[in-house]
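Trainee: Sharing a model prediction with you, sequence too.
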Amino acid sequence: MILQTTLSMSAAAAVVAFWLAVRTGKARMAAKVWHGDGENPVLLRRMRAQANYGESAPFVLILVAAIELSGKAGQWLAIVGALYLLARIAHGIGMDKAEKSPLRAAGFIISVLTLLGLALMAVLIATGRF
């Protein structure tokens, strides 16, 4: 069984992780900070954007794979996955601003709703209700 959605989303997620790492690295080099954040606000925000991604992406990918393995996936799962990744990009860009950012807020909200929605779907599938 080839898990097309999981494989495609995992590949895209790796690209997003790489992009966040490069952005953090650029900020680190510009600030000449080799360890920690050096109390540099730009570097700190980029580090947090990268860390926030690492805190949710694995759970989303695991849920996507589990749902796809269950045979209950469809085009909806690929759309949800794409929206999640776009939200994480928006969040990363939004984290660059010191003030409130609609991109950061939208990215966070979509990410949390995706995580909760996929978790709910997994429970519904596991209990035979979907």
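Mentor: Alright, I've got the coordinates. Numbering: from 1, shown residues only.
Trainee: And the helices in this protein?
Mentor: For the chain, the helices defined by DSSP state H cover 4-31, 41-69, 75-94, 102-126.
Trainee: Please produce CSV containing these, extended by mean pLDDT and mean neighbour count.
Mentor: C-beta coordinates here come from the backbone N, C-alpha and C atoms, glycine included. Output for the helices of the chain, formatted as CSV (pLDDT from 0 to 100; neighbours: other Cβ atoms under 10 Å):
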stretch, mean pLDDT, mean neighbour count
helix 4-31, 98, 16
helix 41-69, 97, 18
helix 75-94, 98, 19
helix 102-126, 98, 16
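Trainee: Gly25 versus Gln4, what's the distance?
Mentor: Using Cβ to Cβ, to the nearest Å, Gln4 is found at 32 Å from Gly25.
Trainee: do the same with Arg45
Mentor: Distance from Arg45 to Gly25, counting by Cβ to Cβ: 14 Å.
Trainee: got it, and Val112?
Mentor: Shown here: Val112 relative to Gly25, a distance of 27 Å by Cβ to Cβ.
Trainee: try Ala98
Mentor: With the distance defined as Cβ to Cβ, Ala98 ends up 20 Å from Gly25.
Trainee: so what's Leu3 up against?
Mentor: Ala65, Glu68, Leu69 (Cβ atoms under 8 Å, 6 or more residues apart in numbering).
Trainee: Who are the contact partners of the second one?
Mentor: Residues in contact with Glu68 (Cβ under 8 Å, 6+ apart) are Leu3, Gln4, Thr5, Thr6, Leu77.
Trainee: Switch those over to a markdown table; also include distance to Leu120.
Mentor: As requested, the contacts of Glu68 are exported to a markdown table (distance: Cβ to Cβ, whole Å):
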| residue | distance to Leu120 |
| --- | --- |
| Leu3 | 20 |
| Gln4 | 23 |
| Thr5 | 18 |
| Thr6 | 19 |
| Leu77 | 13 |
